[in-house]
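1. A predicted structure for the sequence below; I have some questions about it.
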Amino acid sequence: MTKLVDGEDFSIIAKNKICYVTLSSPSTRNAISLRMASIMQSICVAKESNESLFEKFLIDQNCHLIVLQSDVEGIFSSGGNLIELQKNPAEVCHHYGPSIRAFCQLLHNFKIPSLSVLAGPSYGGGVEIALATDFRWSIGKNCDFHFTQTKFGIPPGWGGSLRLSELCPQLNPKKVSALILGKMKLDLSQMLYMGLVDKEFQNKKACMNAIEDWVNQISDCPKSVRDDLLDRQSFHNFQELEEYDIQTFNKYFLKDEHKKKIADFMKNKKKK
Ligand SMILES: CC[C@H](C(=O)O)C(=O)SCCNC(=O)CCNC(=O)[C@H](O)C(C)(C)COP(=O)(O)OP(=O)(O)OC[C@H]1O[C@@H](n2cnc3c(N)ncnc32)[C@H](O)[C@@H]1OP(=O)(O)O
């Protein structure tokens, strides 16, 4: 196990090719503090053209998956830290929003998949953080999204509005605005229906087992195939993507590794 961030309320640890980002601030229901945001800025903002400390950590630790989780019972995150935002002047909080946005953008844009494990509800910016990852898996029934930003006279500011339209193409910008203006709540059934939650689990053990199995399957894939598949995200034009998929398929089709894996599969079938 290797630690990038070892805070009491916010940690980033790599273990068995999984990077665990854990929120653990029971006293604020996992609100994102100024200190957490400052750490996010220091590890997510790249200096010059180099990779950020977080990206270097993920590469050096050979991580295949980023898991964003809460270890506070009954909450994922309560979003912006209202107490700190109330008592600090704007100039002290100048980097707060951009730092958290950089963290959310890295979760979404870095080449390996990212997953939020939702075992409790999220509020305001906490929803936006949960939306930043590629996938969301729920544990139990209470993982509601509460869009409370306008309760505080502010629109979402950590990328959540755009992510909603990306994840739910049926939610055009006008519908996203209407949802936020309504301070709406989405419950698990709605989130499953909208594709905002990708898998549901009855308990934490089942969810963690599924995460480990996913990473084992990723590890089982030859590195070059894994890297080529992960490079798909750099294409945004479907025609270029189709050409890339055909090119990479032909790169491996009936080559030695492909033939060997077919032979191993057939040999194991005979043993059964
Ligand atoms: C763009 C982002 C945007 C922004 O930055 O403006 C935001 O994210 S605004 C914040 C959006 N968050 C919310 O709307 C959630 C506000 N909190 C609540 O609604 C409740 O606290 C809840 C539902 C999270 C928990 O309710 P519960 O009854 O279980 O407990 P308490 O309300 O007594 O809270 C316990 C304890 O936690 C502190 N707390 C809760 N939320 C926050 C927060 N967002 N920031 C700081 N501290 C928070 C609360 O003050 C209590 O502390 P205590 O010392 O025990 O009084």
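-> Yes, it's here.

2. going forward, measure contacts between C-alpha atoms and count neighbours the same way
-> Noted.

3. do stretch 34-50 and the ligand meet at all?
-> No: on the criterion Cα under 6 Å from any ligand atom, stretch 34-50 is out of touch with the ligand, staying 10.5 Å away.

4. average pLDDT across that stretch?
-> The average pLDDT within stretch 34-50 is 91.

5. how far out from the middle of the chain is it?
-> Computed by Cα atoms, centre = their mean, to the nearest Å, the chain-centroid distance of stretch 34-50 equals 17 Å.

6. Which residue is the nearest non-sequential neighbour of Leu230?
-> Distances taken as Cα to Cα, 6 or more residues apart in numbering place Lys111 nearest to Leu230, at 6.0 Å, with adjacent residues excluded.

7. So the one you found versus the ligand, what's the distance?
-> Per Cα to the nearest ligand atom, to the nearest Å, Lys111 is found 26 Å from the ligand.

8. Gln233 is in contact with that residue, correct?
-> Yes: between Lys111 and Gln233 there is a contact under Cα atoms under 8 Å: 7.4 Å.

9. which of those two has more neighbours?
-> Legend: neighbour count by other Cα atoms under 10 Å for Lys111 and Gln233, higher for Lys111 (18 against 13).

10. which residues does that one contact?
-> 230-231, 233 (Cα atoms under 8 Å, 6 or more residues apart in numbering).

11. These in helices, which ones?
-> Leu230 (DSSP state H).

12. you'd agree Glu128 is in a helix?
-> Yes: under DSSP: H, G, I helix; E, B strand; the rest coil, Glu128 falls within a helix.

13. still on that earlier bit, tell me the one among the contacts of Lys111 nearest to the ligand.
-> Proximity of the contacts of Lys111 to the ligand (Cα to the nearest ligand atom) peaks at Gln233, which lies at 27.4 Å.

14. before we move on, back to that, would JSON lines of the contacts of Lys111 with pLDDT and distance to the ligand be doable?
-> Output for those, formatted as JSON lines (pLDDT from 0 to 100; distance: Cα to the nearest ligand atom, whole Å):
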{"residue": "Leu230", "pLDDT": "96", "distance to the ligand": "31"}
{"residue": "Asp231", "pLDDT": "96", "distance to the ligand": "31"}
{"residue": "Gln233", "pLDDT": "93", "distance to the ligand": "27"}
